[in-house]
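**Q** Sequence below, structure please.
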Amino acid sequence: MVCPSQCVLNSVSESWEPLVAENGWLMVITGYIDESYDGKDFPDDFTLGCIMCSADDWREISGRWRDLFKRVNDDLARQGRKQITRYKAADCNGSHNEFEGWTGPEKLALTLQMSEVFDHSELKLTQLAYSIRLSKIHQKIPSVQDPKAFAYAMLFQQIIRGVLAMMDSLREESTISFIHDRSDFDLVYLRVFNVILLGCEEGQRKKLATVAPMANENCPPLEVADLIAYENYKLHLNRSRGKDRKRTIDYLLEQGRLGGRSSIIPDEEFSIPEVHLKVLKWCSSFGGKCLRYPELDERP
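**A** Numbers count the residues shown, from 1 in each chain. Model (predicted):
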């Protein structure tokens, strides 16, 4: 644990249905990761989420997701409206960019259709998400230069450890690969993964296959990860403001569509042991502007 005082304030669901290998075959699980925050360079609240299922289930979900947005775009084309090249939950919720002009009923109808993508008795879709208030990192650890990069490192470590704990119920033959949206923080993910890999027991090390960036174009699972991260981000904001849960995530949780859990690191109890702090500061130092070539930044 990065934060030994961490507690789960919002247990969305504790149902991790074991994905058991059949007939001795290897069960390959893939976890797609995305973040959600307010879009500012120095956001106050930050959520990192991972959505997981077997490779076979991802093929089923990807096909349904593509079919859904083909129907949506065909309908938009008939109306002479802008088509959707990539689903982004924040844009849809705020009617921004490609979702400009969308009405409330249209967005609700899309949400219901997206939820139905997961309506299949054989699908076992599991989430793991962590939220934190970045201002608390800056206040309690002023030596951290980039709180957002630090949050990537800290919460991804939480996700890996949480997934390994979940996978204790699976057969030893099971492995998981992590795929994240390509960004300035690619090397942060890799450093964190390698640090945990080196510190794991042999049995857990065998369960961790790889971590890799992937462009979001033509990758439906990353769009699903975006949806899950955004819903957990809004859930975190609503709870901190004393509001009810958001309708979308309630629908996703109905009838076992989505298992796993969502955790919020309490502001007042945030603490990190010094030995972990040094490692996380080192991992987070590989994120952000330092990965960009100056001549590329100068391009219009």
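
**Q** What ranges in the protein fall below the confidence cut-off?
**A** 1-26, 121-122, 170-172, 245-248, 253-257, 266-271, 289-300 (pLDDT under 70).

**Q** center of it, which residue is that?
**A** The centroid of the chain falls nearest to Gly49 when counting by CA atoms, centre = their mean (2.3 Å).

**Q** pretty sure it contacts Thr126?
**A** No - judged on CB atoms under 8 Å, Gly49 makes no contact with Thr126 at a distance of 11.3 Å. C-beta coordinates here come from the backbone N, C-alpha and C atoms, glycine included.

**Q** what secondary structure does Ile61 sit in?
**A** Of the three states, Ile61 takes helix under DSSP: H, G, I helix; E, B strand; the rest coil.

**Q** which one is it nearest to, not counting chain neighbours?
**A** Counting by CB to CB, 6 or more residues apart in numbering, Val117 is the residue found nearest to Ile61 once chain neighbours are left out, at 6.2 Å.

**Q** Now do the one you found against Asp67, distance only.
**A** 9 Å (CB to CB, to the nearest Å).

**Q** Which of those two has more residues huddled nearby?
**A** Taking other CB atoms under 10 Å, Val117 and Asp67 do not tie; Val117 has more neighbours (22 against 11).

**Q** right, and the residue nearest to Ile61 touches Glu60 too?
**A** No - the pair Val117 / Glu60 is not scored as a contact, 9.2 Å apart, by CB under 8 Å.

**Q** rewinding a little: got a list of what the residue nearest to the centre of the chain touches?
**A** 33-36, 127-130, 225, 228-229, 232, 262 (CB atoms under 8 Å, 6 or more residues apart in numbering).

**Q** go again using 10 Å as the cut-off
**A** Listed by CB atoms under 10 Å, 6 or more residues apart in numbering, the contact partners of Gly49 are 31-36, 127-131, 155, 159, 225-233, 260, 262.

**Q** With Phe193 instead?
**A** So Phe193 contacts 156-157, 160, 178, 208, 210-212, 283 (CB under 10 Å, 6+ apart).

**Q** which of the residues you listed tops the neighbour count?
**A** Phe156 (28 neighbours).

**Q** Surely that one touches Cys283?
**A** Yes - with contact defined as CB atoms under 10 Å, Phe156 reaches Cys283; the gap is 8.7 Å.

**Q** Are there residues contacting both of those two? Which ones?
**A** Joint contacts of Phe156 and Cys283 (CB under 10 Å, 6+ apart) are 185, 188-189, 191-193.

**Q** so which of the residues you listed comes closest to Asp41?
**A** Phe185 (13.3 Å; CB to CB).

**Q** gap between the closest residue to the closest one other than its chain neighbours and Glu274?
**A** In space, and not counting its chain neighbours, Phe185 is closest to Gly287: 4.3 Å by CB to CB, 6+ apart. Plainly put, Gly287 is 21 Å away from Glu274 if you go by CB to CB.

**Q** again with Trp102
**A** The value you get for Trp102 to Glu274, if CB to CB is used, is 49 Å.

**Q** So these two - more neighbours on which side?
**A** Counted by other CB under 10 Å, Trp102 and Glu274 do not tie: Trp102 has more neighbours, with 21 against 6.

**Q** List the residues that contact the more buried one.
**A** 76, 81-82, 84, 91-96, 109-110.

**Q** One more pass at 6 Å, please.
**A** For Trp102, the contact set (CB atoms under 6 Å, 6 or more residues apart in numbering) comprises Ser95.

**Q** Pretty sure it sits in a strand.
**A** No - under three-state DSSP, Trp102 falls outside any strand and is assigned coil.

**Q** From here on, call the first residue 46.
**A** Got it, first residue is 46 now, which makes that one Trp147.

**Q** give me phi/psi at it?
**A** Main-chain torsions, Trp147, degrees, to the nearest 10: phi -70, psi 140.

**Q** Arg306 sits in which helix or strand?
**A** strand 304-309 (DSSP states H and E).

**Q** Turn the shared contacts of Phe201 and Cys328 into JSON lines, columns for secondary structure.
**A** Shown next, in JSON lines, are these (three-state DSSP):
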{"residue": "Phe230", "secondary structure": "coil"}
{"residue": "Val233", "secondary structure": "helix"}
{"residue": "Tyr234", "secondary structure": "helix"}
{"residue": "Arg236", "secondary structure": "helix"}
{"residue": "Val237", "secondary structure": "helix"}
{"residue": "Phe238", "secondary structure": "helix"}
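
**Q** Tell me how many other residues crowd Met212.
**A** For Met212, using other CB under 10 Å, the count is 23.
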